[in-house]
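>>> no sequence on this one, just coordinates:
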């Protein structure tokens, strides 16, 4: 069990650019979650996959955000036309059904 | 999240002292999870509580969930500098608010409690 991994760990980009983050969950976990955390706040739910199906999306997830989980394994989160307000820590978590979620180290995004 | 209130927001204690962090939900919970976070890092799972009245302990940390499944507390006995960090409660809130409701597994988090332990 190597845990949940995320890549990159840090991303600095200019406003208007597109960015993509990757999450590799624990291999036997069928559930995958994306959260966003800003300074001084707890993580906020963005979206949820069960296997390859995206079953829920938060209202926080604007049209500029898209997430995929092809083949029910790794997942990607893409942000198009980034804005300064997108600066945050993006966290990925995975779990089996009805068990605790295990979090990755996060990707810290800074939009200049 | 206004659905989950965590208190206090910060706590400074002397090494060896006991402390308690509280987490209160306005809705019935399917499950309550406690995590610890170091600044700029991911969340480390501590404990999961699902049954009303449940209590779990690990080393010097004890977590409880009340009978109504709306309040939880995290208690640290004889705190150490290694306990310092941000403690977060995460709630799996029942979708329609009753015992027969559906959980989708997503977690709603409190704002976190910043714990400082002075040696």
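Arrived safely. Bear in mind the structure is a predicted one, so any value in this text is a computation, not a measurement.

>>> what lines up beside the one helix or strand residue A:45 maps to in the sheet?
Counting by DSSP states H and E, the element that carries residue A:45 is strand A:44-50. If you go by DSSP bridges, strand A:44-50 pairs up with strand A:31-37 (antiparallel), strand A:53-57 (antiparallel).

>>> which residues sit in contact with the nearest residue in space to residue A:2 that is not next to it in sequence?
Closest residue in space to residue A:2, ignoring its immediate chain neighbours: residue A:26 at 7.8 Å, by Cβ to Cβ, 6 or more residues apart in numbering or on different chains. C-beta here means a position set from N, CA and C on the backbone, and glycine is covered the same way. By Cβ atoms under 8 Å, 6 or more residues apart in numbering or on different chains, residue A:26 lies in contact with A:1, A:2, A:3, A:4, A:94, A:102.

>>> Drop anything exposed from those.
A:4, A:94, A:102 (16 or more other Cβ atoms under 10 Å in any protein chain shown).

>>> what's the pLDDT at the residue in chain B positioned nearest to chain A?
Using Cβ to the nearest Cβ, the single residue of chain B nearest to chain A is residue B:109, 3.0 Å away. Listed pLDDT for residue B:109 reads 95.

>>> and the gap between it and residue A:72?
26 Å (Cβ to Cβ, to the nearest Å).

>>> Spatially central residue in chain B, please.
For chain B, residue B:89 is the residue whose C-alpha lies nearest the centre (Cα atoms, centre = their mean; 3.4 Å).
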